[in-house]
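[1] okay, sequence plus prediction incoming.
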Protein chains: 4
Amino acid sequence: IGDFPGHALPGVFFFVIGLWWSTKSILKYVCKKHKQTCYLGSKALFQRLEFLEGIRVAKTVIYFSTGIIGLQFFAGGPHLIIHNESPWKRVLRLQHLTLYFFFGLLGVASILCSTVSSIPVSLIKLMMSNAFFVESFIFYNHTHGREMLDIFVHQLLVLVSFLTGLMAFIEFLTQKNILLELLRSSFVLLQGSWFWQIGFVLFPPGGRTAWDLLDHDNIMLLSVGFCWLYALAFIVIGNSISVIVFLLFLLTSSCSFFSFLFGIQRMRYR
Amino acid sequence: IGDFPGHALPGVFFFVIGLWWSTKSILKYVCKKHKQTCYLGSKALFQRLEFLEGIRVAKTVIYFSTGIIGLQFFAGGPHLIIHNESPWKRVLRLQHLTLYFFFGLLGVASILCSTVSSIPVSLIKLMMSNAFFVESFIFYNHTHGREMLDIFVHQLLVLVSFLTGLMAFIEFLTQKNILLELLRSSFVLLQGSWFWQIGFVLFPPGGRTAWDLLDHDNIMLLSVGFCWLYALAFIVIGNSISVIVFLLFLLTSSCSFFSFLFGIQRMRYR
Amino acid sequence: IGDFPGHALPGVFFFVIGLWWSTKSILKYVCKKHKQTCYLGSKALFQRLEFLEGIRVAKTVIYFSTGIIGLQFFAGGPHLIIHNESPWKRVLRLQHLTLYFFFGLLGVASILCSTVSSIPVSLIKLMMSNAFFVESFIFYNHTHGREMLDIFVHQLLVLVSFLTGLMAFIEFLTQKNILLELLRSSFVLLQGSWFWQIGFVLFPPGGRTAWDLLDHDNIMLLSVGFCWLYALAFIVIGNSISVIVFLLFLLTSSCSFFSFLFGIQRMRYR
Amino acid sequence: IGDFPGHALPGVFFFVIGLWWSTKSILKYVCKKHKQTCYLGSKALFQRLEFLEGIRVAKTVIYFSTGIIGLQFFAGGPHLIIHNESPWKRVLRLQHLTLYFFFGLLGVASILCSTVSSIPVSLIKLMMSNAFFVESFIFYNHTHGREMLDIFVHQLLVLVSFLTGLMAFIEFLTQKNILLELLRSSFVLLQGSWFWQIGFVLFPPGGRTAWDLLDHDNIMLLSVGFCWLYALAFIVIGNSISVIVFLLFLLTSSCSFFSFLFGIQRMRYR
């Protein structure tokens, strides 16, 4: 945990989840908009969406297994050396265990909502906001008695996970809104890249010079870097929108071509 | 007040209330969903709901009597030794009196709404949010000049009662939402179990070693414990949902069996 | 300003305004509920409401004149001794002038909305929330470099005026809600009585012993007193509700009696 | 940046934008209200609105060019003396670059929404709230380790840009509301004039005496000045409303006169 991979791994995890959520919500929005243009396309897309649903369940299993593997890694491994482990490390491990549990609850809620029909669908959003709020609560109480810059980078992490939870809660209260979903995805992307930034700041890999943890200028520099990573999240989402629209354009044009052929064939056989 | 039972008693009180509210909202939701499946069942359940209404009024009386008993206990008892009582203790007693008053107002509002029809029903939610906001305000001003860990555990209490009040206020503003009600119930359950935790931390019963009130690691450990108690509240609610659904399944299947018999009888007599 | 009447006067002002607003919103709600029961009553009540509207305009003029009188009092009076006036006093006078201006804007908005029909009615709520937010902003920056208890009582004033502004803003965003209006009125009542409390704490009249401005127990005592004044506001509103309902009951029963007589007369003449 | 023009320029920029937005929203509201009174007028006004749309695109280009010119000015100019530039200055330049980028994003969103029809229109509001939130975030981390008054004036800047972002976000969530738009415009006007105030306080032009950056009274005076600038924004918007209504009255009366003439002509030729 207290090393570079311990911050890079959740960074990759959140970045992939953010990409996944943004892709899914863009796909759903575009499909709903262009449902009437191509019958075949919409049908193929709905099959694809059910396929996505299957992937979601698999993703949930991955959630859990990540948690369990993480537990094995951090709890099982140091089990041999638990006698000389500091209580501070044990608390950190418990904090990560709690995080895994609440993200696991999000997975359970996701499975329940897609199988049991009488459960309201907004349960997923509630559990999502819950998981992110708990994450921000834990990271808020993560840094008692550390250096200034260390506290600052974790405070920004608290800020971004709190905002993600807030967006999920607003989604829970209001009706479906594509822009809110994309905003939430961009916050998740930002969180992923910020984990990397924390890793680079606190545990500079490859023998680089460490950051001065007591310099005010570094705080201002990191706050600017935070904004640039946010801008990067926007650019990533913009790119994925254009790629998806381009692919769907190819798909719909080819399927309209085939439906045209099919129409000709039908005409011929009539 | 400044002992273990003084924190365990409200803990039990809030836990029971949380269980009660979650059970009631689950029952209402399930009844509304399965109203059309079984005529007899829904009728029996509505009678049951009116019975619940009667219990609610009784509960209100219990609110009051708890307050009055508490007053007798804390105000009447030390009345004999009031001359050597510190002003700090007197302030604490006033704070508890205020709490009882606002929860009593919630009870009065609940009685008024069920008897006078022209009062809007959302008055109950408003008074509920009011009571919890006042509670968080009082506990916020409860710990001036104490130790760090003492302040921290009370701040978490402030956080959870503020969140409960916020949820009740959102319920007041929006329409009926089963998930918001369950979230509120889970916060109340959390508050109840957190009262127990405070009792264990500040006044360790049975001669256990006291907690170090100035250690930063204890804060991190307690924040994790807070999350686990929150998870516990979720598990309790999940269990009560499954128990209620199972019982209702038994009830509806038996009543559909009887209505089937009744249908046969009607057929026979026709 | 820095004396007892300087805090008692706005206290009376806010208490009267709070009473007025609560009475008006209760009247409107009861009239709308019982519109169908008595034709004559509703007609008489609507005329009464228009009369109320006229009073509101007069009230606006009183707003302004209060401000101007206050200016004369605080600006004109000390004008003679302005050379030996401290800059701190001048700042305080400017702060009060600003408050009068924004409450005057509320009056102007109220007049505009009742005369020009194309202005949205919610402008009044917006200006109201604006005035209270500005008030809380000014009182927040009112106490730099004072004693602890002095800061605390003003912070509570900031809290209550911020809450009033927040309620008015929520009213601005949502549709008409009688409970929100009453809640706002209760906050205004609380603000009025809290001004009196501040006057008693900071400038004890009649040669009473002054409060110890550095004692933590006094903070806890005052926070309890704040809650009791809030409870008092509730009791005042509850009383005014019962008085209004009783008076309206008298009015509607007498008017239904007269309409009964009128009906008999009509029958006789037919 | 650290001089008077560096604060006066964005002040003028925000003031002009605030005026522009308020004018536009007033125009739209008045046109919608009086659409039915004059056919010709509404037609002419809609053409005018499309013309406005063209100006908006031009404005976006100006956004960008301002950013680029600013970059040339602050980045290209000191490029020659970059070796003896302090890292603190470089961080400040990066902060301004970030601000330009996010306001540029707002321009891009504005162009996209007016050209691509399948993008939801509320994207503009989202990007607007985004830009102002990022601005408040950056200015919040702008003043680490400065004097008290310097921090205070920037905190007020953070407050006003946060409020602007909040208003834009509420507009994003709710439906169209003329008063919210005007409130947002007034905050933008306030921000513009406050930039001027900051310039006067921190870098008094023309050899005036500098402000004492450590005096508590100056804070209270500036908070009052902040309120007066807010009142000024209200007065500016009120004036622009009356000017627009007067001009539209002239326009509609003249066009109703011409339509009257046209009607007479049509009658004559029939």
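    Arrived safely. Residues are numbered from 1 along each chain as shown, chains lettered A, B, ... in the order given.
[2] which SS class is the closest residue in space to A:Met148 that isn't next to it in sequence?
    Closest residue in space to A:Met148, ignoring its immediate chain neighbours: A:Leu214 at 5.7 Å, by Cβ to Cβ, 6 or more residues apart in numbering or on different chains. C-beta here means a position set from N, CA and C on the backbone, and glycine is covered the same way. When classified by DSSP: H, G, I helix; E, B strand; the rest coil, A:Leu214 comes out as coil.
[3] right, and A:Ala131 touches A:Ala109 too?
    No. Applying Cβ atoms under 8 Å as the test, A:Ala131 and A:Ala109 come out as separate, 9.5 Å apart.
[4] neighbour-wise, which of these two wins?
    Shown here are A:Ala131 and A:Ala109; by other Cβ atoms under 10 Å in any protein chain shown, A:Ala131 has more neighbours (23 against 20).
[5] so is the helix or strand hosting the more buried one next to chain D?
    Assigned by DSSP states H and E, A:Ala131 falls within helix A:123-140. No. Helix A:123-140 lies out of reach of chain D by Cβ under 8 Å from any Cβ of the partner chain, never closer than 15.1 Å.
[6] contacts for that helix, please.
    For helix A:123-140, contacts defined as Cβ atoms under 8 Å, 6 or more residues apart in numbering or on different chains pick out A:95, A:98-99, A:102-103, A:105-106, A:109-110, A:112-113, A:154-155, A:157-159, A:161-162, A:164-169, A:171-172, B:179, B:183, B:223-224, B:226-227, B:230.
[7] and the helix or strand just after it, how far out from the chain's middle?
    Note on helix A:123-140: by DSSP H and E, the next helix or strand toward the C-terminus is helix A:148-173. Relative to its parent chain, helix A:148-173 has a centroid offset of 13 Å by Cα atoms, centre = their mean, to the nearest Å.
[8] by contact count, what packs against the next helix or strand after helix A:148-173?
    Using DSSP H and E, the helix or strand that follows helix A:148-173 towards the C-terminus is helix A:178-202. Judged by 3 or more Cβ pairs under 8 Å, 6 or more residues apart in numbering or on different chains; DSSP states H and E, helix A:178-202 is in contact with helix A:4-33, helix A:148-173, helix A:216-269, helix D:123-140.
[9] now do the same contact list for the nearest residue in space to A:Leu232 that is not next to it in sequence.
    In space, A:Leu232 comes closest to A:Ser193 once its chain neighbours are excluded; the distance is 6.4 Å by Cβ to Cβ, 6+ apart. For A:Ser193, the contacting residues are A:11, A:15, A:229, A:232-233, by Cβ under 8 Å, 6+ apart.
[10] just the buried residues of those.
    Buried subset of the contacts of A:Ser193 (neighbour count, 16 or more other Cβ atoms under 10 Å in any protein chain shown): A:11, A:15, A:229, A:233.
[11] before we move on, back to that, save the contacts of A:Ser193 as TSV, and put in distance to D:Cys31 too.
    What follows is the contacts of A:Ser193, written out as TSV (distance: Cβ to Cβ, whole Å):
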residue	distance to D:Cys31
A:Gly11	50
A:Phe15	47
A:Leu229	42
A:Leu232	41
A:Ala233	38
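[12] name the nearest of these relative to chain C.
    Checking the contacts of A:Ser193 against chain C with Cβ to the nearest Cβ, the nearest one is A:Ala233 at 29.5 Å.
[13] pretty sure the closest one contacts A:Gly18?
    Yes. Shown here, A:Ala233 and A:Gly18 form a contact pair, counting by Cβ under 8 Å, at 7.3 Å.
[14] give me the common contacts of those two.
    A:186-187, A:189-190.
[15] A:Ser186 against A:Ala231, yeah?
    No. Here A:Ser186 lies out of contact with A:Ala231, judged by Cβ under 8 Å, at a distance of 9.8 Å.
[16] for the stretch 51-200 of chain A, which spans come out with low pLDDT?
    Along the stretch 51-200 of chain A, the model assigns pLDDT under 70 to residues A:51-89, A:145.
[17] now it against chain D: closest residue?
    Residue of the stretch 51-200 of chain A nearest chain D, by Cβ to the nearest Cβ: A:Leu179 (5.3 Å).
[18] which residues of the stretch 51-200 of chain A lie near chain D?
    Looking at chain D, the residues of the stretch 51-200 of chain A close enough under Cβ under 8 Å from any Cβ are A:170, A:174, A:178-179, A:183.
[19] turn these into TSV, including distance to D:Asn218 and neighbour count.
    Below are those laid out as TSV (distance: Cβ to Cβ, whole Å; neighbours: other Cβ atoms under 10 Å in any protein chain shown):
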residue	distance to D:Asn218	neighbour count
A:Ile170	40	17
A:Thr174	44	14
A:Ile178	48	18
A:Leu179	43	17
A:Leu183	40	25
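[20] farthest pair in those?
    Taking Cβ to Cβ, the two most distant members of these are A:Ile170 and A:Ile178; they sit 13.5 Å apart.
[21] and the residue nearest to A:Met148, backbone torsions?
    phi -120, psi 10 (degrees, to the nearest 10).
[22] how about the contacts made by it?
    A:Leu214 sits in contact with A:147-149, where contact means Cβ under 8 Å, 6+ apart.
[23] over to A:Ile237?
    By Cβ under 8 Å, 6+ apart, A:Ile237 lies in contact with A:22, A:182, A:185-186, A:189.
[24] tell me how many other residues surround the nearest residue to it once chain neighbours are set aside.
    Distances taken as Cβ to Cβ, 6+ apart place A:Ser22 nearest to A:Ile237, at 5.0 Å, with adjacent residues excluded. The tally of other residues near A:Ser22 (other Cβ under 10 Å) stands at 25.
[25] same question, A:Leu190
    Using other Cβ under 10 Å, A:Leu190 is surrounded by 30 other residues.
[26] for the residue of the stretch 151-270 of chain A found nearest chain D, which non-adjacent residue is spatially closest?
    As assessed by Cβ to the nearest Cβ, chain D sits closest to A:Ser223 within the stretch 151-270 of chain A, at 3.7 Å. In space, A:Ser223 comes closest to D:Asn141 once its chain neighbours are excluded; the distance is 3.7 Å by Cβ to Cβ, 6+ apart.
[27] likewise for A:Ala131?
    Spatially, and ignoring its direct neighbours in sequence, A:Ala131 is nearest to A:Phe102 (4.4 Å; Cβ to Cβ, 6+ apart).
[28] my guess is that neighbour contacts B:Trp228, does it?
    No. Counting by Cβ under 8 Å, B:Trp228 is not a contact partner of A:Phe102; they are 10.5 Å apart.
[29] between those two, who's got more neighbours?
    The neighbour count for A:Phe102 versus B:Trp228, taken as other Cβ under 10 Å, is higher for A:Phe102 (21 against 15).
[30] the more buried one: what's it in contact with?
    Each residue near A:Phe102 by Cβ under 8 Å, 6+ apart is listed here: A:130-131, A:134-135, B:227, B:231.
[31] residues near the residue nearest to A:Val16 when sequence neighbours are not counted, how many?
    Nearest non-adjacent residue to A:Val16, counting by Cβ to Cβ, 6+ apart: A:Gly192, 7.6 Å away. Applying other Cβ under 10 Å, we find 23 residues neighbouring A:Gly192.
[32] likewise A:Ser117?
    Neighbours around A:Ser117, by other Cβ under 10 Å: 8.
[33] please, which helix or strand holds it?
    Going by DSSP H and E, A:Ser117 is not part of any helix or strand.
[34] again with A:Cys113
    helix A:87-115.
[35] buried ones in that helix, by neighbour count?
    Those would be A:90-107, A:109-110, A:113-114, for helix A:87-115 by 16+ other Cβ under 10 Å.
[36] which residue sits closest to the one residue in the stretch 1-150 of chain A that gets nearest to chain C, ignoring its sequence neighbours?
    The minimum distance from the stretch 1-150 of chain A to chain C, using Cβ to the nearest Cβ, falls at A:Ser122 (20.5 Å). In this structure, A:Ser122 finds its nearest non-sequential neighbour in A:Phe172, 5.1 Å apart by Cβ to Cβ, 6+ apart.
[37] for A:Leu126, see how far away A:Phe102 is.
    As judged by Cβ to Cβ, to the nearest Å, A:Phe102 and A:Leu126 stand 12 Å apart.
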